[in-house]
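Peer 1: Next one to model:
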Amino acid sequence: SNLGRKMSHTILLIQATQSPESRTFSDFESAQKALEGVCALFESVLKQRNPGLRAISYDVAQLFSFIDSMGDLCCLVFQQSTGNYVPHNKDWIKEKLVQMLSRQAGK
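Peer 2: Model (predicted):
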């Protein structure tokens, strides 16, 4: 997987609830950064739900149920070879998050 090696501009499309008004997007310099952005988003939700906690910890199952609860989540990753953005769905995002988190845990 060349996820980390090549910087591929990535747009993260987020729809927090079923309501189209909850749509937002963020852009990142790489797919890796976009995945970190998904984790950061989840962490900020956890902080709002648990304002007294100093350290936030969670497991992959909790992260996945957060992703599943969202109205929509997809990312568009720029492919230099074609000059197009390639869309990836929640399943792809989850798969890449598992790879990223297991790499981090292995450090």
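
Peer 1: any idea how far Ala105 lies from Leu13?
Peer 2: 28 Å (CB to CB, to the nearest Å). C-beta coordinates here come from the backbone N, C-alpha and C atoms, glycine included.

Peer 1: Just want to know which of these two has more residues nearby.
Peer 2: Higher neighbour count among Ala105 and Leu13: Leu13, with 14 against 7, using other CB atoms under 10 Å.

Peer 1: Surely that one is in a strand?
Peer 2: Yes - according to DSSP: H, G, I helix; E, B strand; the rest coil, Leu13 belongs to a strand.

Peer 1: thought it was touching Asp72?
Peer 2: Yes - with contact defined as CB atoms under 8 Å, Leu13 reaches Asp72; the gap is 6.8 Å.

Peer 1: For those two, list the residues in contact with both.
Peer 2: Shared contacts of Leu13 and Asp72 (CB atoms under 8 Å, 6 or more residues apart in numbering): Arg23.

Peer 1: Can you show me the strands along this structure?
Peer 2: Using DSSP state E, the strands assigned to the chain run over residues 10-15, 23-28, 72-79, 84-88.

Peer 1: got those strands as JSON lines, with distance to Phe64 columns?
Peer 2: As requested, the strands of the chain are exported to JSON lines (distance: least, CB to CB, whole Å):
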{"stretch": "strand 10-15", "distance to Phe64": "16"}
{"stretch": "strand 23-28", "distance to Phe64": "20"}
{"stretch": "strand 72-79", "distance to Phe64": "11"}
{"stretch": "strand 84-88", "distance to Phe64": "16"}
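
Peer 1: mind giving me TSV with those strands and columns for mean pLDDT and distance to Leu41?
Peer 2: Converted to TSV, the strands of the chain look like this (pLDDT from 0 to 100; distance: least, CB to CB, whole Å):
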stretch	mean pLDDT	distance to Leu41
strand 10-15	96	7
strand 23-28	95	9
strand 72-79	96	9
strand 84-88	96	16
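
Peer 1: quick one: which of the ones you listed is nearest Asn50?
Peer 2: When the strands of the chain are compared by CB to CB, strand 10-15 sits nearest Asn50, at 21.3 Å.

Peer 1: Done for today, thanks.
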